[in-house]
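Chemist: After the sequence you'll find the predicted model.
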Amino acid sequence: MFRWIFLFVIVAGIILAGVIYLDSQEKSQIPDQATQTVQRPSPVPGSGFLSHEQDTESFFDFHTHIDIDNTDQVQERINEIEKRLEEIGHNEQAVPFYGELNLLYRQIGRFDAAGEAVRHIGLVHDEASDWWESAILFYSWAVTLPDPEEALVYLNKSRESFEIAIEQVEIPGLLTDYAILLYSIGDVDAALNSLELASAHEHPTFLSFLYSGVILNEKGKIDESISYINKSLDLADTTEEINFIYSVLAEASIEI
């Protein structure tokens, strides 16, 4: 049951919001080599989900002739870009095209292809934010797949991207998202370790404590679980966040 709470958090964040961004507080903690223009009005309170934000001027330069609500036009533009990428190869010149592909593939719900586009940006720029985003996109695609073996392919892609990002930065949102991935593939102890790192950060979020508490409850460590959940309530800043905590507790059948 709890695993699917995690899955809901990820999928709802991608599908309902489309584009999800980092907290400005966490952005300031990413070293210079891993920063880019990011912001986040997230539908999931306190989540650390990150999305690459395309330069606004470049985006409209690309799309002045495209109705992005028209699936045929979007697909036609995707085909144009894919053909152009075959001509120019995988280099700095290709990055804006991969950025556009990310946006267009998101528009038609192809998070697998969007993830590949952002992964290619990561291969060129090697920035934590791009690897983080590709990890979220691959995970979001995996949880829609009915075939467990096919889903595992994308879960492994997600894990690889997460681990590259974490080699560069260790901030609460990233570590919490990584824990969600680890939990979903059954590596519960590693998930708890990642959440512990997130909780020990100078600026932790309530989510790492909340998810630790729910996992510990599932493992039968009730007192320890309640301690973590109470800490998550202490860290929650808004009524929305508090309501989110109680909704997760209800889904997990936990009473405090």
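Modeler: Okay, I see it.
Chemist: tell me the average confidence for stretch 186-203?
Modeler: Averaging pLDDT along stretch 186-203 gives 95.
Chemist: I should have written stretch 99-115 there, sorry.
Modeler: Confidence over stretch 99-115 (mean pLDDT, whole number) is 94.
Chemist: and what of stretch 211-219?
Modeler: 94.
Chemist: residues in contact with that stretch?
Modeler: Stretch 211-219 is contacted from outside by 2, 5-6, 176, 179-180, 183, 188, 191-192, 195-196, 199, 222, 224-229, 231-232, 248-249, 252, 254, using Cβ atoms under 8 Å, 6 or more residues apart in numbering. In this view, the C-beta of every residue, glycine as well, is placed from N, C-alpha and C.
Chemist: try 7 Å
Modeler: Residues from elsewhere that reach stretch 211-219, judged by Cβ atoms under 7 Å, 6 or more residues apart in numbering: 2, 176, 179, 183, 188, 191-192, 195, 199, 224-225, 228-229, 232, 248, 252, 254.
Chemist: Just the buried residues of those residues.
Modeler: Among the contacts of stretch 211-219, the ones that count as buried by 16 or more other Cβ atoms under 10 Å are 2, 176, 179, 183, 191-192, 195, 199, 225, 228-229, 232, 248, 252, 254.
Chemist: of those, closest to Glu240?
Modeler: Using Cβ to Cβ, the shortest approach to Glu240 within those belongs to Val248, at 12.9 Å.
Chemist: and that closest one, what element?
Modeler: Assigned by DSSP states H and E, Val248 falls within helix 239-251.
Chemist: Also Val214?
Modeler: Per DSSP H and E: Val214 is located in helix 206-218.
Chemist: Kindly report the same for Gln75.
Modeler: Going by DSSP H and E, Gln75 is part of helix 71-88.
Chemist: name the helices or strands packed onto the helix or strand just after the helix holding Val214?
Modeler: Going down the chain from helix 206-218, the next helix or strand is helix 222-235, by DSSP H and E. On a contact count with 3 or more Cβ pairs under 7 Å, 6 or more residues apart in numbering; DSSP states H and E, helix 222-235 meets helix 206-218, helix 239-251.
Chemist: Does Arg159 touch Ile180 like I think?
Modeler: No: here Arg159 lies out of contact with Ile180, judged by Cβ atoms under 7 Å, at a distance of 11.2 Å.
Chemist: how much space between Tyr98 and Ile78?
Modeler: Distance, Tyr98 to Ile78, using Cβ to Cβ, to the nearest Å: 12 Å.
Chemist: For these two, work out which one has more neighbours and name it.
Modeler: It is Tyr98, of Tyr98 and Ile78, that has more neighbours when counted by other Cβ atoms under 10 Å, with 23 against 19.
Chemist: Surely the more buried one is in contact with Arg119?
Modeler: No: distance between Tyr98 and Arg119: 8.8 Å, which falls outside the contact criterion (Cβ under 7 Å).
Chemist: Count the residues that sit near the residue lying closest to Ile88 once chain neighbours are set aside.
Modeler: Sequence neighbours aside, Ala94 is the residue nearest to Ile88 in space, at 5.6 Å (criterion: Cβ to Cβ, 6 or more residues apart in numbering). Neighbours of Ala94 under the rule other Cβ under 10 Å: 20.
Chemist: And Ile88, by the same measure?
Modeler: Residues contacting Ile88 under the criterion other Cβ under 10 Å number 11.
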